[in-house]
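# quick one: sequence plus predicted model below, questions after.
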Amino acid sequence: MKTFPSRAAAAATGAALVLTLAACSGGGGGEGGSKAGDDKEQPMGPLDEFFEEMYGDYDEETSNAQMREVEEITAECMSEQGFEYTPVDWSSQMEMGASDALEFEWGTIEFAKEYGYGVTTNPWGETEEAPADGEAEEEFVDPNQERVEAMTETERAAYELALYGEMTEPVEGEEYEYDWETAGCSGKAQHEVYENTGMDEDKFTSLQDEMNAMWEASAADPRLTELNGEWSSCMADAGYPNLAAIGDAENAFYDETNALWENAYPTEGAEEMTAEDYEAIEESIQGELAKITPREIETATADFTCREEVDYDKVQQEVSFEYQQEFVDAHREELDAWLEAYQASQS
């Protein structure tokens, strides 16, 4: 049985992610601790180390257990609302993917020359080796798909409302705020597993707001503003004008590809489309992405070449670590209290 995109894809993404708070430090050399990466240890600043201690390294076994719990809670919630829902084994789908090892470190000139920004390319290679002769290709199938496909339009609408909640389009110019209470059974399940730790989160809201302000101040530091100007001039000389700051070039490709996906599917009549219809759209999208890839690689190569010329990553890391140290020194007691409360909520 073939599978095709649906709102389940959005839920799968949420279910598969372990919610963490990531600190925004740059790469390159500098002072500070270090964290093991794919190929080499990455330096970490004082605040990075704090979050490393709080959340620790990714644990696949724990992540898989959390995904299973999300699905079980979702099934129970759906049953309470009169619907049958079979828990999805998302971990098995993830295991179908390729190895996490990358040939080139992400965010380097070597990576850019091969994969650009990784927007239209797949740095992990093919997701599966070709099956041997006579063997069927393993393909993930949502155990709920056949049941949902057999529903009438009215039944499916009620089912999806219970599962995902009311789906509203974001209003341009307004900041979207996710509310798990309006996200159906999937939102309820993800909240219980990933967010409802039993810790008084409001107690640390002020600290988190100050931390966000610190990150913004770090990004706006005059030393980086000056380097952004130098980088912009370098990019213009390379044939890429009108880029004000590092990140603009990469974001432009995400905007372009996001628009491609958004415009590919019909806004009306989607419930009448067949699996073949979706496959045709998918094939068309992949063809359009392939056309973008050469331009993405060329732009990313110029981008990282200019970054190296102005020594941006090294300076950005130094600035980030400096701001992190000042923040940690000023908020040591509050950070310790946050760490203690979080660890207590996990025990």
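Yep, it's here. Residues are numbered from 1 along each chain as shown.
# list the buried residues of the helix or strand hosting residue 257.
If you go by DSSP states H and E, residue 257 is part of helix 248-264. By 16 or more other Cβ atoms under 10 Å, the buried positions in helix 248-264 come out as 248, 249, 250, 252, 253, 256, 257. C-beta here means a position set from N, CA and C on the backbone, and glycine is covered the same way.
# can you name every helix or strand that the helix or strand just after that helix contacts?
Using DSSP H and E, the helix or strand that follows helix 248-264 in sequence is helix 275-310. When contacts are defined as 3 or more Cβ pairs under 8 Å, 6 or more residues apart in numbering; DSSP states H and E, helix 275-310 sits against helix 109-115, helix 222-237, helix 248-264.
# chain center to the helix holding residue 257, what's the gap?
Averaging C-alpha positions (Cα atoms, centre = their mean, to the nearest Å) puts helix 248-264 15 Å from its chain's average.
# next: stretch 202-221.
21 Å.
# cool, stretch 284-297 as well?
The chain centre lies 21 Å from the centre of stretch 284-297; the measure is Cα atoms, centre = their mean.
# quick check: buried residues in that stretch?
Going by 16+ other Cβ under 10 Å, stretch 284-297 has these buried residues: 285, 289, 292, 296, 297.
# can you give me the helices for the stretch 101-250 of the chain?
Along the stretch 101-250 of the chain, counting by DSSP state H, counting those that start in this stretch, helices occupy 109-115, 145-149, 153-164, 184-190, 205-219, 222-237, 248-264.
# format the ones you listed as a markdown table; extra columns: distance to residue 70.
Putting the helices of the stretch 101-250 of the chain into a markdown table (distance: least, Cβ to Cβ, whole Å) gives the following:
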| stretch | distance to residue 70 |
| --- | --- |
| helix 109-115 | 31 |
| helix 145-149 | 18 |
| helix 153-164 | 12 |
| helix 184-190 | 5 |
| helix 205-219 | 24 |
| helix 222-237 | 39 |
| helix 248-264 | 25 |
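# coming back round to it: out of the helices and strands packed on helix 275-310, which is closest to residue 324?
Of all the helices and strands packed on helix 275-310, it is helix 222-237 that lies closest to residue 324, at 14.6 Å by Cβ to Cβ.
# contacts made by that closest one with the rest, please.
Residues from elsewhere that reach helix 222-237 (Cβ atoms under 8 Å, 6 or more residues apart in numbering): 218, 241-246, 249, 302-303, 305-307, 309-312, 315-316, 319.
# if we use 10 Å, what do you get?
26, 218-219, 221, 240-249, 299, 302-303, 305-316, 318-320, 322 (Cβ atoms under 10 Å, 6 or more residues apart in numbering).
# hang on, the earlier thing: what would the buried residues of helix 248-264 look like in CSV with distance to residue 115 and pLDDT?
Output for the buried residues of helix 248-264, formatted as CSV (distance: Cβ to Cβ, whole Å; pLDDT from 0 to 100):
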residue, distance to residue 115, pLDDT
248, 19, 96
249, 15, 97
250, 12, 96
252, 17, 96
253, 12, 97
256, 16, 95
257, 14, 94
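# save the residues you listed as TSV, and put in distance to residue 265 too.
Below are the buried residues of helix 248-264 laid out as TSV (distance: Cβ to Cβ, whole Å):
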residue	distance to residue 265
248	28
249	27
250	25
252	22
253	20
256	17
257	14
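# what's the helix holding residue 257 packed up against?
Applying 3 or more Cβ pairs under 10 Å, 6 or more residues apart in numbering; DSSP states H and E, one finds that helix 248-264 contacts helix 222-237, helix 275-310.
# does residue 313 touch residue 105 like I think?
No - with contacts counted by Cβ atoms under 10 Å, residue 313 stays clear of residue 105, the gap being 11.9 Å.
# these two: which is more packed in?
residue 313 (20 against 15; other Cβ atoms under 10 Å).
# so which helix or strand takes in the more buried one?
Per DSSP H and E: residue 313 is located in helix 312-330.
# what is the rounded mean pLDDT of that helix?
Here helix 312-330 scores 97 as its mean pLDDT.
# now that helix against helix 275-310, angle please.
With axes from the mean of the first three to the mean of the last three Cα atoms, to 10 degrees as the basis, helix 312-330 and helix 275-310 are set at 90 degrees to each other.
# you'd agree residue 187 is up against residue 193?
No - contact criterion Cβ under 10 Å: residue 187 and residue 193 do not qualify, at 11.2 Å.
# ok, residue 234 to residue 241 distance?
Remark: distance between residue 234 and residue 241 (Cβ to Cβ, to the nearest Å) = 11 Å.
# and if you look at residue 332?
Counting by Cβ to Cβ - residue 332 and residue 241 are separated by 46 Å.
# over to residue 221?
In terms of Cβ to Cβ, residue 221 sits 25 Å off from residue 241.
# of those two, who's got more company?
The neighbour count for residue 221 versus residue 241, taken as other Cβ under 10 Å, is higher for residue 221 (17 against 10).
# not counting sequence-adjacent ones, nearest residue to that one?
Sequence neighbours aside, residue 319 is the residue nearest to residue 221 in space, at 4.9 Å (criterion: Cβ to Cβ, 6 or more residues apart in numbering).
# just the terminal-to-terminal distance for stretch 72-92.
One end of stretch 72-92 to the other measures 16 Å (Cα to Cα, to the nearest Å).
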